[in-house]
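Undergrad: With the input below, show me the fold.
(one chain, ligands or ions: 1)
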Amino acid sequence: MTACALESTDLRRVFGAYPTGVTAVAALVDGGPVGITANSFTSVSLEPPIVSVCVAHTSTTWPVLRTAARLGISVLGAHQERHGRALSERRADRFGSLRWRATADGAILLKGASAWLDCGIEREIEVGDHDLVLLRVHALDDDPEVPPLVFHGSRYRRLSA
Ligand SMILES: Cc1cc2nc3c(=O)[nH]c(=O)nc-3n(C[C@H](O)[C@H](O)[C@H](O)COP(=O)(O)O)c2cc1C
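TA: Next up is the predicted model:
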């Protein structure tokens, strides 16, 4: 390993060597569903219950999404690659035929996911070209029967036994 000028292509490739799950962060805003795909989701604290996502300053959806009182985080199931693609595309009707439900507070949870968290923004910290968003978890659930979708090396993958 040699020290050298850090190119963004190298950073993306090496950061992408770390496998993650894939989440949908979504809420109702002005009565309509708004959301993005995010693989930066991480659990942070048990007491109080806090998770985080990192959102790029280039996101056009985040300034809208962050105005919602509650954000739903759905951990995508292995069969939900289509959901990951749809919610990361810059197009008008991202939710199209996706099946989802909204909580009374407006968090959007995708049906058929592996796990769900109903969160409120606790703090946003500007870090370089992203915002580190700390979210307090108000409710959560999971379906252990649904295996998770994995993102690794810029590709969607599935776990195998
Ligand atoms: C698998 C995957 C993971 C992503 N993870 C993040 C993420 O953690 N943070 C982020 O800001 N954007 C992430 N994106 C990009 C957003 O989903 C979205 O494409 C981006 O915010 C541009 O759309 P927008 O301008 O509507 O926000 C990810 C995209 C994909 C396909």
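
Undergrad: Need the pLDDT of the residue nearest the centre of the chain.
TA: Centroid-nearest residue in the chain, with C-alpha atoms, centre = their mean: residue 38, separated by 3.0 Å. The score at residue 38 is 98. That number is its pLDDT.

Undergrad: what's it in contact with, if anything?
TA: Contacts for residue 38 (C-beta atoms under 8 Å, 6 or more residues apart in numbering) come out as 22, 23, 24, 25, 53, 54, 55. Where C-beta positions appear, they are placed from N, C-alpha and C, glycine not excepted.

Undergrad: Name whatever forms a beta bridge with it.
TA: Per DSSP bridges, the residues bridged to residue 38 are residue 23.

Undergrad: which bits of this structure sit near the ligand?
TA: Applying C-beta under 6 Å from any ligand atom, one finds that the chain approaches the ligand through 22, 36-40, 53-56, 59-62, 84, 88, 90, 151.

Undergrad: For PyMOL, write the selection for the buried entries among the residues you listed.
TA: Buried residues among the residues of the chain next to the ligand (16 or more other C-beta atoms under 10 Å), as a PyMOL selection:
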select buried, resi 22+36+37+38+39+40+53+54+55+61+62+84+88+151
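
Undergrad: do you know how far residue 146 is from residue 109?
TA: When distance is defined by C-beta to C-beta, to the nearest Å, residue 146 is 13 Å away from residue 109.

Undergrad: Kindly report the same for residue 97.
TA: Distance, residue 97 to residue 109, using C-beta to C-beta: 16 Å.

Undergrad: Comparing these two, which residue is more hemmed in?
TA: Between residue 97 and residue 109, counted using other C-beta atoms under 10 Å, residue 109 has the larger neighbour count: 21 against 7.

Undergrad: would that one count as being in a strand?
TA: Yes - residue assignment for residue 109, taken from DSSP: H, G, I helix; E, B strand; the rest coil, places it within a strand.

Undergrad: Make 30 the first number, not 1, from now on.
TA: Will do, 30 is the new start, and the previous item becomes residue 138.

Undergrad: Quick check, pLDDT for it.
TA: Reading off the per-residue confidence, residue 138 sits at a pLDDT of 98.

Undergrad: from memory it sits against residue 103, does it?
TA: Yes - when contacts are counted by C-beta atoms under 8 Å, residue 138 is listed as touching residue 103 (5.5 Å).

Undergrad: so what sits against both of those two?
TA: Between them, residue 138 and residue 103 share the neighbouring residues 55, 145, with contact defined by C-beta under 8 Å, 6+ apart.
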